[in-house]
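Visitor: next comes the sequence, and after it the predicted model I'd like to discuss.
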Amino acid sequence: MKKMLITLLLSSSSLCYAMQTVNFQTQSYTCNGKKITKTTSESTLLANCKGAKVRNASVVVGAPPQKNAGGGGNAVALPSQGEDDEDGDDANMERVKFYADDGTYMKCFYKNGALFKCKAKVTKPAASASSNS
């Protein structure tokens, strides 16, 4: 019983911070009155959304993560993204974090300059206070 209670408490607390993938066909978000769609560019988000920040990260698709060699050796370096990438294995992923007009915290991921997906923080509706007069 005690384990079940702990599990329930941990899972409910993690739901407070859950983000869900945005479905642009059923959900609508705006920044400065401009609707966010599957074709919205990074520059549009940066120019119109509150608190917009971009983070760049080069990711080698299909390669194992960087590992530290045993015995205190040097880390094994992964190949960097360069102009000689003929087979297109490297992808440039960028993440834009921002707040939509309605206050929803969002993250949009761009892969090679195209919108890959967006996630929105799930918020619970505010409980209305009832007064007893």
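Guide: Structure's in. What do you need? In this text, all values refer to a predicted model and were calculated from it rather than measured experimentally. Numbers count the residues shown, from 1 in each chain.
Visitor: ok, now which ones touch residue 28?
Guide: Residues in contact with residue 28, defined by Cβ atoms under 8 Å, 6 or more residues apart in numbering, are residue 35. The C-beta positions use only the backbone N, C-alpha and C, and glycine is treated the same way.
Visitor: that one and residue 102, how far apart?
Guide: As judged by Cβ to Cβ, to the nearest Å, residue 28 and residue 102 stand 10 Å apart.
Visitor: likewise residue 19?
Guide: 15 Å.
Visitor: look at those two and report which has more neighbours.
Guide: residue 19 (13 against 10; other Cβ atoms under 10 Å).
Visitor: where's residue 117, which helix or strand?
Guide: According to DSSP states H and E, residue 117 maps onto strand 114-121.
Visitor: and that strand, what's buried?
Guide: 115, 118, 119, 120 (16 or more other Cβ atoms under 10 Å).
Visitor: what do you get for stretch 41-54?
Guide: Buried-residue list, stretch 41-54, by 16+ other Cβ under 10 Å: 42, 44, 45, 48, 49, 52.
Visitor: now do it: everything it contacts.
Guide: So stretch 41-54 is contacted by 31-34, 36, 94-100, 106, 108, 110, 113, 115 (Cβ under 8 Å, 6+ apart).
Visitor: now with 7 Å?
Guide: Residues from elsewhere that reach stretch 41-54, judged by Cβ atoms under 7 Å, 6 or more residues apart in numbering: 31, 32, 34, 94, 96, 97, 98, 99, 100, 108, 110.
Visitor: let me see the mean pLDDT of it.
Guide: Averaged across stretch 41-54, pLDDT comes to 94.
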